[in-house]
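Colleague: Have a look; sequence and predicted model below, questions after that.
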Amino acid sequence: MNNQFFAMMSRMKYIERWALMRNSVKENISEHSLEVAMVAHALAVIGNVHHGKNYNAEKCAVIAMYHDCSEIITGDMPTPVKYYNSHISGIYHEIEDKANDALLNMLPEDMRDIYREYFFKNEEDAELWRLVKAADKISALVKCIEEEKAGNREFEEARKMTREAIRKMQLPEADEFLKIFAQSYELTLDELNRDNKIF
């Protein structure tokens, strides 16, 4: 039988983010999901190494990899609309759940339960999902930094709001990631190269 799951996943690269904003560089959900997966993995590692946690860092990365895949079907709804009020937010989450179910049904039946835990939150992995949410916000902050670095003032307010949203999460792993790594995103390639003597 022809199962369409991975063909659908490959379409993540066609879904653009930040639709309401003028972008210097376009970003799609495939690129975004890779960045979120790397950051989520790092947050889990920080938690394990510096905060005595026992996170499954690899599972955290896989959850992050698939965290936005419902947007293959729904598109990327702008945040101000998605969270305009609890009614709209609730309806949108229902639509996301239906989209995720539809995607899971594109897998062979004996694989669905394994993938379901990457698509739907459960009690057991609640802490991992929290790390993924923080990583998602950190990725948005990185986008804001990159746009400002390119001279685009369109993201100034989004940068402030995103930084504040991360702070309000009160997640030590996210705070530590920003303290250790955030400043580097401000650097140019030449500055990164010079500081690390890559070439």
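Modeller: Received it, and whenever you're ready, just let me know what you need.
Colleague: how far away is residue 115 from residue 62?
Modeller: 9 Å (CB to CB, to the nearest Å). For glycine as for every other residue, the C-beta is placed from the backbone atoms N, C-alpha and C.
Colleague: So which residues of this protein form strands?
Modeller: Along the chain, no segments are classed as strands by DSSP state E.
Colleague: Just give the closest residue to the residue positioned nearest the centre of it, not the sequence neighbours.
Modeller: With distances taken as CA atoms, centre = their mean, residue 136 lies nearest the centre of the chain, 3.2 Å away. Once flanking residues are discounted, residue 136 sits nearest to residue 36: 5.2 Å by CB to CB, 6 or more residues apart in numbering.
Colleague: Give me the buried stretch members for the longest helix along the chain, please.
Modeller: If you go by DSSP state H, the chain has its longest helix at helix 126-149. Neighbour-count burial for helix 126-149, counted by 16 or more other CB atoms under 10 Å, picks out 127-148.
Colleague: Next: stretch 42-61.
Modeller: In stretch 42-61, counting by 16+ other CB under 10 Å, buried: 42-47, 53, 55, 57, 59-61.
Colleague: Distance from it to the middle of the chain?
Modeller: When distances are taken as CA atoms, centre = their mean, to the nearest Å, stretch 42-61 is centred 16 Å away from the chain's centroid.
Colleague: circling back: distance of the residue nearest to residue 136 from residue 23?
Modeller: For residue 36, the distance to residue 23 - CB to CB - is 18 Å.
Colleague: Please identify which of these two sits among more neighbours.
Modeller: residue 36 (27 against 17; other CB atoms under 10 Å).
Colleague: How about the contacts made by that one?
Modeller: 64-65, 67-68, 132, 135-136, 139 (CB atoms under 8 Å, 6 or more residues apart in numbering).
Colleague: Swap in 10 Å and give it another go.
Modeller: Applying CB atoms under 10 Å, 6 or more residues apart in numbering to residue 36 gives the contacts 29, 61, 63-65, 67-68, 132-140, 142.
Colleague: Distance check, it against residue 50.
Modeller: Distance, residue 36 to residue 50, by CB to CB: 21 Å.
Colleague: ditto for residue 108
Modeller: From residue 108 to residue 50 the distance is 40 Å (CB to CB).
Colleague: now residue 143
Modeller: 26 Å.
Colleague: Could you tell me which ranges of the chain sit under the pLDDT cut-off?
Modeller: Confidence mapping of the chain against pLDDT under 70 gives the ranges 1-2, 78-84, 195-199.
Colleague: 50 - rerun?
Modeller: Along the chain, no part satisfies pLDDT under 50.
Colleague: Would you state the helices of this structure in chain order?
Modeller: 5-9, 29-50, 57-66, 71-74, 79-82, 86-104, 109-119, 126-149, 156-168, 172-181, 189-196.
Colleague: which one of these lies closest to residue 17?
Modeller: Closest to residue 17 of the helices of the chain is helix 29-50 (CB to CB; 5.8 Å).
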